[in-house]
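My questions are about this predicted structure, shown below with the sequence.
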Amino acid sequence: MRETIISVGIDIGTSTTQLIFSRLTMENRAGSHMVPRIVITDKEIIYRSSIYTTPLLSREKIDVGKVQKIIEGEYEAAGIDPGQVQTGAVIITGETARKENAGEVLKALSKMAGDFVVAAAGPALESVLAGKGAGTDRISKENRAAVVNVDIGGGTSNMALFDCGKLTGTSCIDVGGRLIRVEKGKVTYVYPRLQKMAAAHGLAIEEGESVQKDKLWSICRWMADQLAMALHLKPEEKEHEGFYTNGGKPLPNQPVIEGITLSGGVAGCMKEEPEDPFCYDDIGVLLGRAVRENKELSGLKQFAAAETIRATVVGAGNHTTQVSGSTISCESKLLPLKNLPVLRIEEEDTGSAESLQKSLETQLELFCPNGEQETTAVSLKGDGFGSFQKIQELADVLAQSSEEKLARDHPLVVVVERDIAKALGQALKVRLGQKRDIICLDGIAAGSGDYLDIGKPLAMGRVVPVVIKTLIFNT
Amino acid sequence: MVDEKQLRSIIEQVLGEMELPDINREERHEIHAAAADTAVSYKEEGAEEGVLPDISQVNVRTQYLVENPRNKEAFYEMKQYSPARLGIGKAGARYKTLPYLQFRAAHSAAQDSVFSDVDPEWIKKMDLFCVQTRCENKDMYLTRPDLGRRLNEQGVLAVKEKCRKNPQVQIYISDGLSSAAVMANAADVLLSIQQGLKSFNIETGTPFFVKYGRVGVMDEITQLTEALVTCVLIGERPGLLTAESMSAYITYKGTIGMPEAHRTVVSNIHRFGTIPAEAGAHIAEIIKIMLEKKASGTQLKM
């Protein structure tokens, strides 16, 4: 069995808008006489768009119409019809995510881009996608080292730290190439927060003043220092805390970072520095130089990123979709389902039927804002529920609680990590019969605060594509 | 002649000596902890207190015995992809003593599971009646596969008398080549298949147990019960990784003498492979598809 699907990645960033199409190949890796195990075996980028300047109506508003036109044009250029696109993600990144109509843009695009193209934003997810797009997870695994990817974009720098291939933390700071813009020898824009902090640091800068290269260079070197501080390579100064995007958290202290990859637009122009540092009407080129010359950052082992300016969009296209376990139980007429909030039953609550039920019912009530039920995905690890008897006990609690606490017309969605979903799904069906639709998936680890998107079944109904939109590392 | 006591102390001494350089403290602790659960402690005049570690409890997946490795973590991680006995070190050109004994122990377990019978108490507890093939003992079973493919006279009568006729699905259990596999997995798989079929509104016949059964006897059972689909849960020929692996063979309208290619098989059912409950759920779905498409084996495209 071999099946390919087309995935799209669309990234609307502070300075640029891009798109890629990729082909994901799925294969059954188990022998023909065994229970199937379908996995994604290959990811190939089949089309890369041009890099567009993100169209804005004003500083606070994205031009939805123009963005739509760009995307439509690229679909046409690639010869791909939205109907062919089976999965993917539209992501709004950097400063752009703080624009007032970001939500509206996401909605409009994910509708026209394809049936199961999901919308996402948030600095934590963006960091992870950029890190995966840059290939840092692979580099970290192959070198058995703690390697961080720093994606330096227009508005923010997104960091994702991988240790031996495993994600161990993300963080995001307001350091970027377009936080200060220049045109015709004048400073035309300074990101207000940066302006305030720079002034406090003795680097006052005003919009409208003439470009003083030395001052801009000092600011860029100071911003590069902030990156070194964020990676715990340099003692923090008092202004550092103010750099974290939306008051987010720093990277964990452990593991100690050994290597670095650099991606994003600023990293893109570090490789070949243009002659005129202000050719992009911003400080990106200077910031790139400052990062390259920073003592602490260059002390780390340098690895080449697989992608620079396209890292995030490649991440969105290639690395958002995973497939569920291959023995699942689901009503395909309900799919796709998007933006399901995750109700996590923690391990310590799975000891007895009573604690399980209590955790489930208390939380189900929380997912009833304004007395109106949201369809939620109940998530648990499933350790200790391998035997037929334990699966029955779990099914009893799930069936009973959903009858009591879940509104009539809502499906029961359960996701577990361990391979028990088909048995559990059938046990639920025997209990709930025609009363309620059931979707029961395994091979999916979703935590409290995550959102899930579940697509239409693939590989002859054996698996479903799932996108976990994780917010774990940044609240 | 060496008496039993002397023999024990020799074994103890050998194990003691061989353990020290080979196993780190955590692993030794693990072995001792496992042994405490399984070994029977004994007390004799002049004998030391304590238990011998049970080497069959050592987890081959986590065992790593190479001395002075270049990169232990990297090798260990790769080893996790395979259940094979990798990274077990060597003594000169030979195995180390511990892996050698483990290998022998696994081999013995495999033989035991072939030569032992399924406990009659287990069959009773499962509420199954028991029939036998034309084999009269294990030796005959192993040397005459043809006789293991047919029920004896009493068996035929019992199936005719006790089983519901014309069920959509007939499920039964058979020892096959591993009694250990059947006792470890068949209960969960059977319950799970039955529940799965119930969720699809498919009715099943009367389950029972076949002693000294080869896979082929399912075709005679199909003809006797006139079931559409027949499914046998049968112990697989044991290997050195596990002696507890079970398979399910499933046919649609099987007949005596039909080609083997018309059987569908789900193998590798055990706690380290596909877990029994999930395997049962999967088998239930295969049966549902078989009934819809009226085919099995290579004729069934899934």
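Thanks, I have the structure now.

Okay, now the unreliable bits of chain B?
Within chain B, the ranges that satisfy pLDDT under 70 run B:1-46.

what do you get if the cut-off is 80, keeping everything else the same?
Scanning chain B for pLDDT under 80 picks out B:1-49, B:301-302.

quick one, strands of it?
Using DSSP state E, the strands found in chain B span residues B:129-132, B:169-174, B:208-211, B:229-235, B:246-252, B:264-269.

Ok, which of these comes nearest A:Val466?
For those, proximity to A:Val466 was assessed by C-beta to C-beta; strand B:264-269 is nearest, at 25.1 Å. Every C-beta, even on glycine, is put in place using the N, C-alpha and C of the backbone.

by contact count, what packs against that closest one?
strand B:246-252, helix B:276-293 (3 or more C-beta pairs under 8 Å, 6 or more residues apart in numbering or on different chains; DSSP states H and E).

what angle do that strand and strand B:229-235 make?
30 degrees (axes from the mean of the first three to the mean of the last three C-alpha atoms, to 10 degrees).

Run through who's touching strand B:264-269.
Here strand B:264-269 makes contact (C-beta atoms under 8 Å, 6 or more residues apart in numbering or on different chains) with A:31, A:33-35, B:185, B:189, B:236, B:245-251, B:274-276, B:279, B:282-283, B:286, B:290, B:296-297, B:300.

which bits of chain B sit near chain A?
B:71, B:73-74, B:187-188, B:191-192, B:195-196, B:198-199, B:247, B:265-268, B:271, B:274-282, B:284-285, B:302 (C-beta under 8 Å from any C-beta of the partner chain).

go with 7 Å
Counting by C-beta under 7 Å from any C-beta of the partner chain, chain B comes close to chain A at B:73-74, B:188, B:191-192, B:195-196, B:198-199, B:265-268, B:274-275, B:277-282, B:284.

So how do I select the buried members of the residues you listed in ChimeraX?
Command for ChimeraX that selects the buried part of the residues of chain B next to chain A, burial taken from 16 or more other C-beta atoms under 10 Å in any protein chain shown:
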select /B:188,191,192,195,196,198,199,265,266,267,268,274,275,277,278,279,280,281,282,284
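
quick one on the thing from earlier: give me the buried entries from the contacts of strand B:264-269.
The neighbour count (16+ other C-beta under 10 Å) marks A:34-35, B:185, B:189, B:236, B:245-251, B:274-276, B:279, B:282-283, B:286, B:290, B:296-297, B:300 as buried among these.

Count the neighbours of A:Val266 for me.
33 (other C-beta atoms under 10 Å in any protein chain shown).

how far away is it from A:Pro274?
A:Val266 sits at a distance of 12 Å from A:Pro274 (criterion: C-beta to C-beta, to the nearest Å).

same thing with A:Glu239?
A:Glu239 is 30 Å from A:Pro274, by C-beta to C-beta.

neighbour count winner among those two?
Neighbours per residue, other C-beta under 10 Å: of A:Glu239 and A:Pro274, the larger number sits with A:Glu239, 15 against 12.

ok, that one touching A:Met197?
Yes. Using C-beta atoms under 7 Å, A:Glu239 makes contact with A:Met197 at a distance of 5.0 Å.

thinking again about what came up before, out of the helices and strands packed on strand B:264-269, flag the one nearest A:Arg98.
Of all these, helix B:276-293 comes closest under C-beta to C-beta, at 45.2 Å.

And the contacts of that closest one?
Helix B:276-293 is contacted from outside by A:35, A:327, A:386-388, A:391, A:419-420, A:422-423, A:426, B:168-169, B:185, B:188-189, B:191-193, B:196-197, B:200, B:202, B:228-229, B:231, B:248, B:250, B:252, B:264, B:266, B:269, B:296, B:300, B:302, using C-beta atoms under 7 Å, 6 or more residues apart in numbering or on different chains.

Restrict that helix to CA atoms and write it as PDB.
These are the backbone C-alpha positions of helix B:276-293, laid out as PDB (Å, rounded to 0.1, in the frame of the first residue of the first chain):
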ATOM      1  CA  PRO B 276      -4.600  -9.000  22.300                       C
ATOM      2  CA  ALA B 277      -7.500  -6.600  22.900                       C
ATOM      3  CA  GLU B 278      -6.600  -4.400  20.000                       C
ATOM      4  CA  ALA B 279      -5.900  -7.400  17.800                       C
ATOM      5  CA  GLY B 280      -9.400  -8.800  18.600                       C
ATOM      6  CA  ALA B 281     -11.000  -5.500  17.600                       C
ATOM      7  CA  HIS B 282      -9.000  -5.500  14.300                       C
ATOM      8  CA  ILE B 283     -10.000  -9.100  13.600                       C
ATOM      9  CA  ALA B 284     -13.700  -8.200  14.200                       C
ATOM     10  CA  GLU B 285     -13.400  -5.600  11.500                       C
ATOM     11  CA  ILE B 286     -11.700  -8.000   9.100                       C
ATOM     12  CA  ILE B 287     -14.600 -10.400   9.600                       C
ATOM     13  CA  LYS B 288     -17.100  -7.700   8.900                       C
ATOM     14  CA  ILE B 289     -15.300  -6.800   5.700                       C
ATOM     15  CA  MET B 290     -15.200 -10.500   4.700                       C
ATOM     16  CA  LEU B 291     -18.900 -10.900   5.200                       C
ATOM     17  CA  GLU B 292     -19.500  -7.800   3.000                       C
ATOM     18  CA  LYS B 293     -17.100  -8.800   0.300                       C
END
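
Tell me what angle it forms with strand B:264-269.
Between helix B:276-293 and strand B:264-269, the angle comes out at 170 degrees (the same axes, to 10 degrees).
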